[in-house]
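Q: Take this sequence and fold it.
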Amino acid sequence: MTTRQKSAKSPLALVLTGALALAAGPAAAAEPSVVTVQDSFDNVTFAVQNAITNAGLVIDTVSHTGDMLKRTGADVGSTKPLFLHADVFSFCSAVVSREVMTADAMNIQYCPYHIFVAELPDKPGTILVGHEVYPHGVMDKVNALLDGIIKDALN
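A: So this is what the prediction gives:
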């Protein structure tokens with residue numbers, strides 16, 4: 001039988017830990033990879049769905065983020081429209097996911113992968129298609145997968 005000992009930190013250690021965390025500030029998020037296209041939102045979402053399935057992948061969920069934000073805007077005291085339309089497609093690749101998680105099991109945090117399609121109110125007819133840029137190294141394979149799907153969808 002093993003016992004766990006609770007590690008007690010002194011009040012000074014707790015204050016110093018908190019001060020260091022505040023001094024470090026928030027981590028900077030990487031800019032997403034985004035491509036713009038002049039088309040209708042429906043045409044682009046259809047093309048993205050087809051490109052994902054043509055790559056042999058299954059879409060787990062489609063988050064209708066734009067609809068949710070429109071529906072809940074008044075509830076949170078906002079009247080400003082953020083998107084005319086916005087959807088996020090979530091999916092995984094058994095091959096790529098296994099490869100990146102074999103290299104580091106903590107890469108599970110990135111799965112499923114997402115591609116977003118959005119139309120902004122100040123630029124109707126200009127559709128943004130993109131994805132989060134994952135950390136360089138083994139996750140470059142995921143970035144390449146997502147870039148390839150977007151390229152296939154928009155060509």
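
Q: Give the ranges of residues in the chain that sit below the confidence cut-off.
A: Scanning the chain for pLDDT under 70 picks out 1-29.

Q: which residues of it fall in strands?
A: Along the chain, counting by DSSP state E, strands occupy 33-38, 58-63, 85-92, 113-119, 126-131.

Q: got the contact list for the longest one?
A: What that stands for is strand 85-92. 41, 45, 48-49, 52, 57-66, 69, 111-119 (C-beta atoms under 8 Å, 6 or more residues apart in numbering). Where C-beta positions appear, they are placed from N, C-alpha and C, glycine not excepted.

Q: Just the buried residues of these.
A: Buried subset of the contacts of strand 85-92 (neighbour count, 16 or more other C-beta atoms under 10 Å): 41, 45, 48-49, 52, 57, 65-66, 69, 111, 113-119.

Q: tell me how far stretch 63-77 is from the chain's mean position?
A: Between the centre of stretch 63-77 and the centre of its chain there are 18 Å (C-alpha atoms, centre = their mean, to the nearest Å).
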